[in-house]
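Visitor: the sequence and its predicted three-dimensional model are supplied below.
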There are 2 protein chains.
Amino acid sequence: MRDIPLTTEARERVLDAAERLFAQKGYTAVTLRDVGAAAGIRHASLYHHVPGGKEALFVEVTERHFYRHRHGLTDALTKAGPNIRQQLYAAADWLLSQPPMDLIRMAYSDLPAVASTHAERLSDLAYASMIAPIEQALRQALERGEIQHADTGLIAGGLLGMVESLYSVPDSALQGERTRKTMAHALIDVILDGIREPKK
Amino acid sequence: MRDIPLTTEARERVLDAAERLFAQKGYTAVTLRDVGAAAGIRHASLYHHVPGGKEALFVEVTERHFYRHRHGLTDALTKAGPNIRQQLYAAADWLLSQPPMDLIRMAYSDLPAVASTHAERLSDLAYASMIAPIEQALRQALERGEIQHADTGLIAGGLLGMVESLYSVPDSALQGERTRKTMAHALIDVILDGIREPKK
DNA sequence: CCAAACCTACCAATTTGTAGGTAAATCGTA
DNA sequence: TACGATTTACCTACAAATTGGTAGGTTTGG
């Protein structure tokens, strides 16, 4: 008998389903029956894999989600080479390959619904996973002289909000060359070059 | 006896409370008992003012919310004079004077929970109220030669996402001169000037 | 007086969580 | 290897609380 379940194939199915649903709909909008159905089991069976119930499930998969973002972002940024534009392109591509990460909903709706100890940890993790990697890349570009002095933390956050907001573009507005990816790259160009001067 | 209640002071209290709560927490996370408590009445009394129940209440206050944004944005943009920077400053100030408008949550969680006819109308209204006014100001700045050729719709949406994302900045990170307003203005400067060239 | 505004009390459905059971895989050991 | 014991991964059934919504009565202001 174990207090803390280790990772099995069936448990992974549950966590994957829960992560996708919570990320898409938010904590209160997702029921355990939804999660069970998505994982192919009854809701009561979820308690076998996650004894802590809904809140523990949400906290675990949300932490997992943030950790994966941190890894995915730092990975994309380092593999893109020492050029800030290509780095930001790669970061945006990663973000758009994942389900939307709605930090506003997280702050105003999801986190207030869980115990404050968990909420604070998740809040810190959000910064460390989403903002910090981009901020670090901007700081290094600043040292390399690629960009001028700027509030790197603010720019990183703004960039993130900009790219994530592309998820609210309806699919009907996406066609041909106008994908979320090309739109993200165009927005990054604006951040780097501005829209007053003609593109170099 | 009226089928459609006209506007009274008490009904306004209900709509104001509902609008604030729905905007902050989203459709499913807000209960009618929450709305009633915020308006100072029992949840059953809400049906006196809005016979259609929760969904009708949500649709009505969300429409109202969008209409007010459309008015507030166009008003701020026109009153700021013919300078795109001042116009965008004013638009951002308006957005930050209102409760957060989380379009991602709206698209992925709120709208799927209401009848599709209402969802489509609200989706169109979101574009017309939030994006279109900013896009128009950018187009006019383009004609005036203030900015270079750019995808004005894309920039407007990106700007909006950027400014709204400031709501996910924890209050603990706001102190002294570092308010959401000053941060929004700094981000607008980046959009206009870029971060590669030194500020003029 | 009378209608608007609000109330209490309830219902049916849903949701989280618990209790207890079952089939099948796995393990320890003779 | 044979085989009983245990563990895993699920199930059905139910309890308690919450939710949207309804019925009908009561207060209150013009």
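Guide: Perfect, thanks for sending it.

Visitor: tell me where chain A has helices.
Guide: Along chain A, counting by DSSP state H, helices occupy A:9-25, A:32-39, A:46-49, A:53-79, A:84-97, A:103-105, A:116-126, A:132-144, A:152-164, A:180-193.

Visitor: which one of those lies nearest to residue B:36?
Guide: helix A:103-105 (23.5 Å; CB to CB). C-betas here are computed from N, CA, C, even on glycine.

Visitor: where does chain A come near DNA strand C, residue by residue?
Guide: A:30-33, A:43-44, A:47, A:53-55 (CB under 7 Å from any atom of the strand).

Visitor: repeat that with 10 Å
Guide: A:27-36, A:42-48, A:50-58 (CB under 10 Å from any atom of the strand).

Visitor: contacts with chain B among the residues you listed, please.
Guide: Near chain B, judged by CB under 8 Å from any CB of the partner chain, the entries from the residues of chain A next to DNA strand C are A:27-29.

Visitor: and DNA strand D, which of those residues contact it?
Guide: residue A:28.

Visitor: now, which of the ones next to chain B among the residues of chain A next to DNA strand C lie within strands?
Guide: The members of these all map outside strands under DSSP state E.

Visitor: neighbours of the residue nearest to residue A:162 when sequence neighbours are not counted, how many?
Guide: Excluding its sequence neighbours, the residue lying closest to residue A:162 (CB to CB, 6 or more residues apart in numbering or on different chains) is residue B:158, at 4.5 Å. Look at residue B:158: counted by other CB atoms under 10 Å in any protein chain shown, it has 27 neighbours.

Visitor: same question for residue A:91.
Guide: Neighbour tally, residue A:91, other CB under 10 Å: 26.

Visitor: list the contacts for the residue of chain A found nearest DNA strand C?
Guide: Closest to DNA strand C within chain A is residue A:53: 2.7 Å, counting by CB to the nearest atom of the strand. Residues near residue A:53 by CB atoms under 8 Å, 6 or more residues apart in numbering or on different chains: A:32, A:47.

Visitor: ok, the residue nearest the centre of chain A to residue A:30 distance?
Guide: Closest residue to the average C-alpha location of chain A: residue A:101 at 4.1 Å, with CA atoms, centre = their mean. Look at residue A:101 and residue A:30: by CB to CB, to the nearest Å, they are 16 Å apart.

Visitor: just residue A:161 next, same as before
Guide: 23 Å.

Visitor: and residue A:163, by the same measure?
Guide: Computed as CB to CB, the residue A:163 to residue A:30 distance reads 24 Å.

Visitor: mind listing what's buried along stretch A:73-87?
Guide: Buried residues in stretch A:73-87, counted by 16 or more other CB atoms under 10 Å in any protein chain shown: A:73-74, A:76-77, A:80, A:84-85, A:87.

Visitor: state the pair within those residues that is farthest apart.
Guide: Maximum distance among these (CB to CB): 17.6 Å, for A:74 and A:85.

Visitor: I'd say residue A:58 and residue A:27 touch.
Guide: Yes - in this structure residue A:58 lies within contact range of residue A:27 using CB atoms under 8 Å: 5.5 Å.

Visitor: quick one: common contacting residues for those two?
Guide: A:110, A:114.

Visitor: write the ChimeraX selection for whichever of the residues of chain A next to DNA strand C are buried.
Guide: A single ChimeraX command selects the buried members of the residues of chain A next to DNA strand C (16+ other CB under 10 Å):
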select /A:27,28,29,30,32,34,35,36,46,50,54,57,58
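
Visitor: got the residues of chain A near DNA strand D?
Guide: Residues of chain A lying near DNA strand D (CB under 10 Å from any atom of the strand): A:1-2, A:5-14, A:28, A:36-37, A:39-49.

Visitor: need the contact list for residue A:168.
Guide: B:103-104, B:106-107, B:157, B:161.

Visitor: can you narrow the residues you listed to ones near chain A?
Guide: B:103-104, B:106-107, B:157, B:161.

Visitor: redo these as a markdown table? Include neighbour count.
Guide: Compiled in a markdown table, the ones next to chain A among the contacts of residue A:168 are given as follows (neighbours: other CB atoms under 10 Å in any protein chain shown):
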| residue | neighbour count |
| --- | --- |
| B:103 | 24 |
| B:104 | 23 |
| B:106 | 23 |
| B:107 | 20 |
| B:157 | 25 |
| B:161 | 25 |
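
Visitor: wait, which of those residues is closest to residue A:177?
Guide: residue B:157 (16.9 Å).

Visitor: OK, contacts around that closest one?
Guide: A:165-166, A:168-169, B:131.
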